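S.K.: Requesting a structural model of the entry that follows:
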Amino acid sequence: MLQRAITMPTYKKARSGSPQSSRSTRPINNDQTKVRLNLDIYDYIMSFLEPHDLAKMMRTCRTLHSAGTKYLVNHPYPFCRPEILISYCRFVLRDIPRRCPALRAIHLNFRDLHPHSLPSATQAIQLLIWVLSEVPSLQWSRIAIPSLVLDSFPELLLSPYSMRSLRSLTIRDCRMEHAKMIRKLHAPLEELDLCFQSAPSIHSQDIAWLLRRFAGTLRVLTVEGFPFGDEATTIFPHVRKLSVSVCDTSFSIGILYTLFPEVTDVTFVEQDSEMLDITSQLLAQYHFRNGRCPIGSRWSQLQSLTGSVEDLYAMSLACQVDHLIVSFESRGALKFSTVIKDAISRRLSLELIAHDDIEMFDDDDDTPETDMTLHDRIQCVVQSLADVLEVDLTITVDCTSYLKRTFYSFLELPATAKLSKLSIDVDFELSYSDDAGAARHIALDLRALDIRHLITQMAEALPLLRDVAIFVPCNSQTEWRIQHLNDHVEVEQRSWREDKGWYDESFSADEWSRRKGGYGPRMIM
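M.R.: As a prediction, the model looks like this:
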């Protein structure tokens, strides 16, 4: 329908002096109003179209071709290939008087530009710099750029029109010279995403030194590898979304409370290399210290909180959370039970890896978890969910008994549990030591699980449970609706899809070897 040519209404001119001439004025105005209304509707539609569909619509008539130009030049293209960038620049330059002034916003996404393609992209980037120098009407720009491109073309960031319109900036592999460049920007930055190469201890400055100029405009901040310092010399009152590493904050939640008092969404970016050397005893010290922060300075309500269980435990956030997103291995079960008590959440998205990994504990790291079996840890995790309304659980297991323990743990929740919506997504990992016979046995064991019976038991055990979705490999993916009536419970299966997984009665040992090479279930060493 959008590609159909638009037929403009035609009008007959009334004769001069004709008595109908005065009466014809009103119908013409009505028709003109309809034309104007139609163009406004098409203009509104074009504002939502992708470039391919927009170009088709522009070809239908000259009027729409002119109207669609502003949307075509302002579309956020990912310039990951030089040919796309050259094509865009040539389109803009083909009609400078009309297209350059129409350029109000531009999204320069160079994040996927491979270093090997940089020489071939040089001409295109220089062309783009020239385009940017000719658009004083530019009001909004977003730039995502690796440090390699920025080193070769600093004008992309420092040109007058770019600085004046720059609202969003992403730089990968930053160094100190890039930090100094950022400090010179006179831009109304609203979103900033920086990832520094060096460890925080190498930098002598803190985050306030780096971002002080943007304190009045910054709303979304992601920064890794740059220290936050010990004192809050600058406050960022407008930041709502924050992503940081706890290592950059020296495991101090107090500095974040002070710097970002109005934040609503917090993500703790995990740095595995830093966390490997931190013992449970040290995490407990951080937890105790952060838990003593004055209540008046804390965040009282967050829309979302994301992080590993170690990070969340160490930072000891005591607040209400709409959506808590946490991931951990089963050895962090007790830490998780503490986190879920501190960060009281309405909805929980949980990624749990339940492997029998007791051998991974350090002998010198004497914690209560070392005395718990994996079944105990799974039960500890599930029992911690009693006060959560909605749970999305993704669990990775390497033994069917651990999966069954998970299901049974939900049946053991108290009848007062608030759980009303539950989603369980099972990911089964097979060991390379499993042969075809063992894999077939595991598949049969999973296939034998009676999901309907399980849901019925859950419905009887949990009076507030209403919606359940479960995926079990080699079994099925199902959705269920539960109704609690006066004298009984009704369980309705709303959808069902069989999942064969790696189960196949006919496959041979040779085929199993091929599947272990990448065509079967995920393997663990």
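S.K.: Would you map the helices across the stretch 151-300 of the chain?
M.R.: Ranges of helices in the stretch 151-300 of the chain, per DSSP state H, counting those that start in this stretch, are 155-158, 160-165, 176-183, 207-211, 253-259, 272-275, 280-291.
S.K.: okay, these in a markdown table with distance to Ser137 next?
M.R.: Bear in mind the C-beta positions are built from the backbone N, C-alpha and C, glycine included. Putting the helices of the stretch 151-300 of the chain into a markdown table (distance: least, CB to CB, whole Å) gives the following:
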| stretch | distance to Ser137 |
| --- | --- |
| helix 155-158 | 18 |
| helix 160-165 | 9 |
| helix 176-183 | 25 |
| helix 207-211 | 28 |
| helix 253-259 | 35 |
| helix 272-275 | 45 |
| helix 280-291 | 48 |
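S.K.: could the ones you listed be laid out in CSV, adding mean pLDDT?
M.R.: Output for those, formatted as CSV (pLDDT from 0 to 100):
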stretch, mean pLDDT
helix 155-158, 84
helix 160-165, 78
helix 176-183, 88
helix 207-211, 89
helix 253-259, 93
helix 272-275, 52
helix 280-291, 93
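S.K.: Of all the ones you listed, which one comes closest to Ile340?
M.R.: Proximity to Ile340 (CB to CB) singles out helix 280-291 among the helices of the stretch 151-300 of the chain, at 13.8 Å.
S.K.: What lies in contact with stretch 169-181?
M.R.: Residues outside stretch 169-181 that contact it (CB atoms under 8 Å, 6 or more residues apart in numbering): 111, 142-148, 150, 154, 157-158, 182, 187, 189, 191-198, 203, 205, 210, 225-226.
S.K.: Just the ones in strands from those, please.
M.R.: Among these, DSSP state E puts 142-146, 191-196 in strands.
S.K.: By neighbours, which of the residues you listed wins?
M.R.: Phe196 (24 neighbours; other CB atoms under 10 Å).
S.K.: residue contacts, Phe268?
M.R.: 243-246, 306-308, 311-312, 315.
S.K.: The helix or strand containing Trp480: how far from the chain's middle?
M.R.: Element membership of Trp480 [criterion: DSSP states H and E] is strand 476-484. Chain-centre distance of strand 476-484: 28 Å, with CA atoms, centre = their mean, to the nearest Å.
S.K.: can you pull the buried residues of it?
M.R.: 476-480, 482 (16 or more other CB atoms under 10 Å).
S.K.: How about stretch 229-241?
M.R.: Buried, per 16+ other CB under 10 Å, within stretch 229-241: 229, 232, 234, 236, 238-239, 241.
S.K.: Ok, stretch 400-420 next?
M.R.: Buried-residue list, stretch 400-420, by 16+ other CB under 10 Å: 400, 402-407, 409-410, 413, 417, 419-420.
S.K.: can you check stretch 251-271 too?
M.R.: For stretch 251-271, by 16+ other CB under 10 Å, it's 251-260, 263-271.
S.K.: ends of it, how far apart?
M.R.: 13 Å (CA to CA, to the nearest Å).
S.K.: what's the span of stretch 384-393, first residue to last?
M.R.: Termini of stretch 384-393 sit 13 Å apart (CA to CA).
S.K.: Ignore what I typed, I meant stretch 306-326.
M.R.: End-to-end span of stretch 306-326 (CA to CA): 6 Å.
S.K.: again, but for stretch 251-266
M.R.: Start-to-end, stretch 251-266 (CA to CA) is 15 Å.
S.K.: same deal with stretch 313-322?
M.R.: 18 Å.
S.K.: Please apply the same query to stretch 312-323.
M.R.: 14 Å.
S.K.: Residues contacting it, please?
M.R.: 246, 251, 253, 266, 268, 283, 286-288, 290-291, 298-305, 307, 326, 332, 335-336, 338-339, 342-349.
S.K.: averaged over its residues, what pLDDT does that stretch have?
M.R.: Averaging pLDDT along stretch 312-323 gives 95.
S.K.: okay, and for this protein, where does confidence drop off?
M.R.: Low-confidence segments of the chain (pLDDT under 70): 1-37, 80, 198-204, 272-277, 356-370, 431-435, 503-525.
S.K.: Repeat the analysis, applying 50 as the threshold.
M.R.: For the chain, the stretches flagged by pLDDT under 50 are 1-28, 32, 34, 200-201, 358-359, 361-364, 512, 515-525.
S.K.: Out of the buried residues of stretch 229-241, which sit inside strands?
M.R.: Going by DSSP E, the strands hold Lys241 from the buried residues of stretch 229-241.
S.K.: Now for the buried residues of stretch 229-241: which two are most distant?
M.R.: Top of the distance list for the buried residues of stretch 229-241 (CB to CB): Gly229 and Lys241, 20.9 Å.
S.K.: and which of the contacts of Phe268 is nearest Val468?
M.R.: Nearest member of these to Val468, counting by CB to CB, is Thr306, at 24.4 Å.
S.K.: partner residues bridging that closest one?
M.R.: In this entry, Thr306 is beta-bridged to Thr267, Ile325, by DSSP bridges.
S.K.: any chance you could map the strands in the stretch 301-450 of the chain?
M.R.: 301-308, 319-329, 343-354, 390-397, 421-428, 430-431 (DSSP state E, counting those that start in this stretch).
S.K.: helices or strands next to the fourth one in the packing?
M.R.: For strand 390-397, the packing partners by 3 or more CB pairs under 8 Å, 6 or more residues apart in numbering; DSSP states H and E come out as strand 343-354, helix 400-411, strand 421-428.
S.K.: returning to that earlier point: redo the contacts of Phe268 as CSV? Include neighbour count and distance to Leu449.
M.R.: Output for the contacts of Phe268, formatted as CSV (neighbours: other CB atoms under 10 Å; distance: CB to CB, whole Å):
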residue, neighbour count, distance to Leu449
Ser243, 17, 39
Val244, 24, 42
Ser245, 21, 40
Val246, 26, 39
Thr306, 21, 31
Gly307, 27, 32
Ser308, 22, 30
Asp311, 25, 34
Leu312, 28, 32
Met315, 27, 38
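S.K.: okay, those residues in TSV with distance to Asn38 next?
M.R.: Listed next are the contacts of Phe268 as TSV, based on distance: CB to CB, whole Å:
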residue	distance to Asn38
Ser243	45
Val244	50
Ser245	54
Val246	56
Thr306	46
Gly307	52
Ser308	55
Asp311	55
Leu312	55
Met315	56
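S.K.: Tell me the one of the buried residues of stretch 400-420 nearest Val426?
M.R.: Checking the buried residues of stretch 400-420 one by one against Val426 (CB to CB), the nearest turns out to be Leu403, at 6.1 Å.
S.K.: and the closest one, what is it in contact with?
M.R.: Per CB under 8 Å, 6+ apart, neighbours of Leu403: 395, 397, 426, 428, 446, 472.
S.K.: redo that, cut-off 7 Å
M.R.: Going by CB atoms under 7 Å, 6 or more residues apart in numbering, Leu403 touches 397, 426.
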